[in-house]
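**Q** The following comprises the amino acid sequence and a computationally predicted model.
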Number of protein chains: 2
Amino acid sequence: MKQQKQRETHVGERAQYEELTRQLSAVGAVRRQLDRNLPGGCSSGTAVVLALLDRDGDLRIGRLAELLGVDMSVTSRHVAHLAERGWIDRSPDPADRRSRILRLTPEGRDRLAELSDRAAELLAVRLSDWSDEDIHRLTSLLSRLRASFDDTPTRIPAVTC
Amino acid sequence: MKQQKQRETHVGERAQYEELTRQLSAVGAVRRQLDRNLPGGCSSGTAVVLALLDRDGDLRIGRLAELLGVDMSVTSRHVAHLAERGWIDRSPDPADRRSRILRLTPEGRDRLAELSDRAAELLAVRLSDWSDEDIHRLTSLLSRLRASFDDTPTRIPAVTC
DNA sequence: TATTGTTATACTCTATAACTATA
DNA sequence: TATAGTTATAGAGTATAACAATA
């Protein structure tokens, strides 16, 4: 007879979560394959920053970091990288001189179009047997997943280590 | 009148793919949050390796690398890490002395249970308002996405750079 | 000669902490 | 004193290439 701690989660739930965790980790391989298909010096991260600026208009670093789900320091470096290449513009924020306003340059817009095209070409090949509905469903569920993880980072207190 | 290359993908498709790319990138933030909830020295990568060995039984490094979607050299290092901690066992493969057979140890099984529990606890909180059906749907779609990217790595020849 | 796995090296992405400038 | 952003540093994850042992 095995001593076993009683958990709140059922066995079936745990198996389901285990599988989800595995699939979430595997997404990295997909992302890397998309990255390898982009022209030099560009990752999907680059494309996402440009796409967010294209979609949401002017942003500050802090807000962009929130949207990306990474630390502000990381965002700052990425942004510097893109600014050096002339793809985004950092103008002083008149309302708060600690901040700068990020804006896509025309060159940045061109670059975004190019990166989007390249990603779309690969996705069109890979997802050729996917219905529009399934692609949309996956996108929506990922968006919802992200929202579920968005607010105050839940850190469950450690019991063992 | 702007000179513009005619692409095979329509505008609507490109927007859809752009959004999917963004959501796939954002998965990293979710995975990192799961990682932060695991005990020291463990990442979701650790848990996934253990889970694969638990699910599929004995594996060789090459096969494990395939399942993980990463290079064999990377897998080799991860496996060495886990073997040092006594969570997996590497016994010589009698059929091919270049290979070793990876097997979960009892300690590894305990560790996996612990990591699974920790991940499940966080997921249970974060996905408390998700239906089982939606969780399953997301898992299935991610699994299918991975399968779509699994075979021969499609590298579309670069046109500009 | 080809294949399996390991190791050395370099690169990217990330977080933490120290720091500057401004609120 | 608190906040927005930058930079320095360190750690994890990955790929490429060179290598060893075996097929």
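**A** Arrived safely, thanks for sending.

**Q** So is the biggest helix by length in chain A next to chain B?
**A** Counting by DSSP state H, the longest helix found in chain A is helix A:11-36. Yes - applying C-beta under 8 Å from any C-beta of the partner chain, one finds helix A:11-36 in contact with chain B at A:13-14, A:16-31, A:33-34, A:36. Yep, even glycine has a C-beta here, placed from its N, CA and C like the rest.

**Q** for the record, mean pLDDT for that helix?
**A** Here helix A:11-36 scores 93 as its mean pLDDT.

**Q** Any buried residues in that helix, and which?
**A** A:13-14, A:16-28, A:30-35 (16 or more other C-beta atoms under 10 Å in any protein chain shown).

**Q** Any residue of the next helix or strand after that helix touching DNA strand D?
**A** Scanning the chain past helix A:11-36 towards its C-terminal end, the next helix or strand to appear is helix A:44-56 (assignment: DSSP states H and E). No - shown here: helix A:44-56 not in contact with DNA strand D (C-beta under 7 Å from any atom of the strand), separated by at least 12.4 Å.

**Q** Send me the helix or strand just after helix A:44-56 as PDB with only the CA atoms.
**A** Stepping forward along the backbone from helix A:44-56, the first helix or strand reached (DSSP H and E) is helix A:61-68. The C-alpha atoms that make up helix A:61-68 are tabulated as PDB, following Å, rounded to 0.1, in the frame of the first residue of the first chain:
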ATOM      1  CA  ILE A  61       8.700  51.100 -23.800                       C
ATOM      2  CA  GLY A  62       6.800  50.100 -20.700                       C
ATOM      3  CA  ARG A  63       3.600  49.500 -22.500                       C
ATOM      4  CA  LEU A  64       5.400  47.600 -25.200                       C
ATOM      5  CA  ALA A  65       7.000  45.400 -22.600                       C
ATOM      6  CA  GLU A  66       3.600  44.600 -21.200                       C
ATOM      7  CA  LEU A  67       2.300  43.600 -24.600                       C
ATOM      8  CA  LEU A  68       5.300  41.400 -25.200                       C
END
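
**Q** What is helix A:61-68 packed up against?
**A** Using 3 or more C-beta pairs under 8 Å, 6 or more residues apart in numbering or on different chains; DSSP states H and E as the contact criterion, the neighbours of helix A:61-68 among helices and strands are helix A:44-56, helix A:72-84, strand A:100-104, helix B:11-36.

**Q** ok, and does the third one reach over to DNA strand D?
**A** Read it as strand A:100-104. Yes - Strand A:100-104 is in contact with DNA strand D by C-beta under 7 Å from any atom of the strand, via residue A:100.

**Q** Around DNA strand D, pick out the residues from chain A.
**A** Within reach of DNA strand D by C-beta under 7 Å from any atom of the strand, chain A has these residues: A:28-29, A:32, A:60-63, A:72-73, A:75-77, A:79-80, A:90, A:93, A:96, A:98-100.

**Q** any idea which residue sits dead centre in chain A?
**A** The centre of chain A sits closest to residue A:68, judged by C-alpha atoms, centre = their mean, with a distance of 5.4 Å.

**Q** Now for it: which residues touch it?
**A** Neighbour list for residue A:68: A:48, A:49, A:52, A:74, A:75, B:25, B:26, B:29 [criterion: C-beta atoms under 8 Å, 6 or more residues apart in numbering or on different chains].

**Q** List the residues that contact the closest residue to the fourth one other than its chain neighbours.
**A** Put plainly, it is residue A:74. The spatially closest residue to residue A:74, leaving aside those adjacent along the chain, is residue A:65, at 7.3 Å (C-beta to C-beta, 6 or more residues apart in numbering or on different chains). By C-beta under 8 Å, 6+ apart, the contact set of residue A:65 is A:71, A:72, A:74, A:75.

**Q** likewise residue A:20?
**A** Contact analysis of residue A:20 by C-beta under 8 Å, 6+ apart lists B:123, B:135, B:138, B:139, B:142.

**Q** switch to 7 Å and redo it
**A** Residue A:20 makes contact with B:123, B:135, B:138, B:139, according to C-beta atoms under 7 Å, 6 or more residues apart in numbering or on different chains.

**Q** how close does it get to residue B:130?
**A** Residue A:20 sits 10 Å away from residue B:130, going by C-beta to C-beta, to the nearest Å.

**Q** How about the residues of chain A by DNA strand C?
**A** Selection of chain A residues close to DNA strand C by C-beta under 7 Å from any atom of the strand yields A:43, A:45, A:46, A:70, A:71, A:73, A:74, A:77, A:78, A:96, A:97, A:98.

**Q** Now for the third one: which residues touch it?
**A** Shown in contact with residue A:46 (C-beta under 7 Å, 6+ apart): A:82, A:115.

**Q** Do you know the pLDDT at it?
**A** Turning to residue A:46, the model gives it a pLDDT of 93.

**Q** Quick check: it vs residue A:88, distance?
**A** 10 Å.

**Q** By mean pLDDT, which helix or strand of chain A comes out lowest?
**A** The helix or strand of chain A with the lowest confidence, counting by mean pLDDT, DSSP states H and E, is helix A:11-36 at a mean of 93.
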